[in-house]
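Q: This is a predicted model, with the sequence first.
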Amino acid sequence: MSVIETDTPPLPPARPEAVGMSSARLARIRPALEREVAEGRLPGAVVAIAREGRLVHLEAAGFLDAEARVPMRADAIFAIASMTKPVCGVAALSLVEEGRLLLSDPVGAYVPPLMEMQVARPTPRMLSGEGPIELEPQRRPMTVQDAARHTTGFVYGGGFGGTAAHRANPGSSLTVAREHDAESLAAALAATPLRHHPGEAWEYGFSTDVLGLVAQAVAGCSLGTLMRERIFAPLGMEETGYVLPAEKAHRFAKALPRCPLTGAPQSVAAPLAPPRLEVGGAGLVSTAADYLRFAEMLRAGGRLGAARVLSPATVRWMGSDHLQGIEGGPDRMDPGLAGYGFGLTVAVRRHPGGSAFMGAPGAFGWSGVFGTFFWVDPAERLAVVLMAHAPGEMRLRYRRLVNMLAYQALDA
């Protein structure tokens, strides 16, 4: 029997055995997560799994609020942080499909302050974080492709690296969403030294926020409006957006009050008011069911039911490795991704082995800093979403745990 804890499944349900999965093995998911809850490492989680477009598992474990002992619910709402990035990527690619945008276009054609950038020279004092920063002109302008694959040269602020260039950057995606509008963010980034020359190195940072600025400039509307019109409405993602409605706040999951590894205080804020700017790098809230519809759309080549969001060719392009000849990769963010490349806003599996994650070559997905994670595996016809508020290094454990639990349940 499948475990589907909802009266309104996001996809047509199926017995696991009908799509080559084992009910008995899927039943291992809850006890594995509940062990983590019992040991005080995880407040709770929701896991959604689909194979061949059919829902085989949607289950909540642990607590929505561990301190108040409120049980987790399958329709819990989570801040998905950087899982916003692939949504931004799909929105931008929908504009590419209309011929309004090319990946080879310079970002500065749409965000003029970013046409001419300065790069921090890698001197010993810059790399040590002491400074000062010596600047040199960029070798070429950053492109839309650079913005989609984290090769613009932008990085996040000091919490993401120890160089003086990191320290000169304006925080994170969530920081700039609170502090800037589109014009002031473009100006702030234009005044920031790049850590790398565009197109030469992969490093996590404001690239997807730049992609969001490009997309909204081309579309002539806010990024959130573009997402709603082209993704959320066609896919029926009614619980996904940049604001948590007050009437749904009781469904927002809470993190443990202290990090189980360090003991430091931690929390995940509910976005009850609109951000100043809807950015491409973070900010959405969603549910496991909603995001599974997005993931399955990608797994199925850009279509969910009657809704065609992208063409199959565009999805293959998005999920292909775009880092040939480029230094670095997503294992800089998660060592478990060793051997992965990076596509257009998603990490891409290159080989069967060599990684802490299971999966077939061509599997792709991404995660969020607060503990959420998704991937699709076209070869295995699989789409999986993990929703949890487990910020800190523990989130790396739960990505790998749910990955293994999903693949061990395959039976054909």
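A: Okay, I see it.
Q: In stretch 370-384, which residues are buried?
A: The neighbour-count check on stretch 370-384 (16 or more other CB atoms under 10 Å) flags 370-378, 380-384 as buried. Quick note: C-beta positions are derived from backbone N, CA and C, even for glycine.
Q: I meant stretch 391-406, not that one.
A: 391-392, 394-403, 405-406.
Q: now the buried residues of stretch 370-384 as TSV including distance to Arg41?
A: Compiled in TSV, the buried residues of stretch 370-384 are given as follows (distance: CB to CB, whole Å):
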residue	distance to Arg41
Phe370	15
Gly371	11
Thr372	16
Phe373	16
Phe374	21
Trp375	22
Val376	27
Asp377	27
Pro378	32
Glu380	28
Arg381	32
Leu382	26
Ala383	26
Val384	21
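Q: which of those sit farthest apart?
A: Phe370 and Arg381 (28.5 Å; CB to CB).
Q: Among the buried residues of stretch 391-406, find the lowest-pLDDT one for me.
A: Note: of these, the lowest pLDDT belongs to Gly392, at 84.
Q: residue ranges with poor pLDDT in this protein?
A: Scanning the chain with the threshold set as pLDDT under 70 gives 1-2, 158.
Q: in it, which residue is closest to the centre?
A: Centroid-nearest residue in the chain, with CA atoms, centre = their mean: Met83, separated by 2.2 Å.
Q: That residue belongs to a strand, doesn't it?
A: No. Assessed with DSSP: H, G, I helix; E, B strand; the rest coil, Met83 is helix; it does not lie in a strand.
Q: Quick check: chain neighbours aside, which residue is closest to it?
A: Spatial nearest neighbour of Met83, chain neighbours left out: Gly368 (4.5 Å); criterion: CB to CB, 6 or more residues apart in numbering.
Q: what sits against the one you found?
A: Ala79, Ile80, Ala81, Ser82, Met83, Thr84, Ala282 (CB atoms under 8 Å, 6 or more residues apart in numbering).
Q: What residues does the residue nearest to Pro137 when sequence neighbours are not counted make contact with?
A: Closest residue to Pro137 apart from its sequence neighbours, by CB to CB, 6+ apart: Gln118 at 6.5 Å. The contact partners of Gln118, by CB under 8 Å, 6+ apart, come to Leu135, Glu136, Pro137, Gln138, Pro193, Leu194.
Q: From Gly131, how far off is Gln118?
A: As judged by CB to CB, to the nearest Å, Gln118 and Gly131 stand 14 Å apart.
Q: Could you double-check that the residue nearest to the centre of the chain lies in contact with Trp366?
A: Yes. Using CB atoms under 8 Å, Met83 makes contact with Trp366 at a distance of 6.0 Å.
Q: Now for those two: what residues contact both?
A: Taking CB under 8 Å, 6+ apart as the criterion, Met83 and Trp366 both touch Phe373, Phe374.
Q: For the nearest residue to Ala295 once chain neighbours are set aside, give me its contacts.
A: Nearest non-adjacent residue to Ala295, counting by CB to CB, 6+ apart: Ala383, 4.2 Å away. Going by CB under 8 Å, 6+ apart, Ala383 touches Ile49, Ala50, Arg51, Leu292, Ala295, Glu296, Leu298, Arg299, Phe374, Trp375, Val376, Asp377.
Q: Arg316: which of the residues you listed is nearest?
A: Closest to Arg316, out of all of those and judged by CB to CB, is Leu298, at 10.4 Å.
Q: Check the secondary structure at that closest one for me.
A: helix.
Q: quick one: the residue nearest to Met83 from Thr208, how far?
A: Computed as CB to CB, the Gly368 to Thr208 distance reads 12 Å.
Q: tell me the SS of Ala48?
A: strand.
Q: That one: how many residues sit nearby?
A: 31 (other CB atoms under 10 Å).
Q: pretty sure it is in contact with Pro10, am I right?
A: Yes. In this structure, Ala48 is within contact of Pro10 by CB under 8 Å, at 7.4 Å.
Q: Pull up the overlap in contacts between those two.
A: Common neighbours of Ala48 and Pro10 are listed as Leu55, Leu58, Ala289, Leu292 (criterion: CB under 8 Å, 6+ apart).
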